[in-house]
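Student: Next input, structure requested:
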Amino acid sequence: MKKVFFIGFAFAFYACGSQATTEASTEKKEVLSGKEVYSIYCVACHGADGKLAFSGATDLSKSELDLETRILQITHGKGVMNAFKNVISPEEIENVALYIEELRK
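Tutor: Numbers count the residues shown, from 1 in each chain. Below is the predicted model of the structure:
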């Protein structure tokens, strides 16, 4: 059963990423706020409050990373987390990195 769940999750994750990449490349879109980006791309693994830690995701409420390191990890990915450099704009990456600071309060 675990194998079926993982395959389904992997497909869903891939499908979401593919759609987002396609949408990002078709037209110039408005820049989303950090909270909006987080709710679209991050909440499934990190949870609404940053504490979910699904499938090895970091508990963001305890993260001690500085802003620059967070931006690099969101941009290039780390561990099981995908890179978002081809999914969201650099401005949106910075917005979500700043938003994550609010989850530590």
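
Student: Name the residues of stretch 46-57 that are buried.
Tutor: His46, Gly47, Gly50, Leu52, Ala57 (16 or more other Cβ atoms under 10 Å). (C-beta placed from N, C-alpha, C; glycine too.)

Student: so what's the nearest residue in space to the last one that is not next to it in sequence up against?
Tutor: It stands for Ala57. Excluding its sequence neighbours, the residue lying closest to Ala57 (Cβ to Cβ, 6 or more residues apart in numbering) is Cys45, at 3.9 Å. Going by Cβ atoms under 8 Å, 6 or more residues apart in numbering, Cys45 touches Leu52, Ala53, Phe54, Ser55, Ala57, Met81.

Student: Buried ones in stretch 96-105, by neighbour count?
Tutor: For stretch 96-105, burial by neighbour count (16+ other Cβ under 10 Å) applies to Val96, Ala97, Tyr99, Ile100, Leu103.

Student: before we move on, the earlier item: which helix or which strand is home to the residue nearest to Ala57?
Tutor: Here Cys45 sits within helix 43-46, counting by DSSP states H and E.

Student: how far out from the middle of the chain is that helix?
Tutor: 8 Å (Cα atoms, centre = their mean, to the nearest Å).

Student: repeat for stretch 92-102
Tutor: Taking mean C-alpha positions (Cα atoms, centre = their mean), stretch 92-102 and its chain are 10 Å apart.

Student: excluding its backbone neighbours, what's nearest the residue nearest to the spatial centre of the chain?
Tutor: Residue closest to the mean C-alpha point of the chain, counted by Cα atoms, centre = their mean, is Cys42 at 3.7 Å. Spatial nearest neighbour of Cys42, excluding adjacent residues (Cβ to Cβ, 6+ apart): Val96 at 6.8 Å.

Student: Okay, and that neighbour sits in which element?
Tutor: Short version, using DSSP H and E: Val96 is in helix 90-103.
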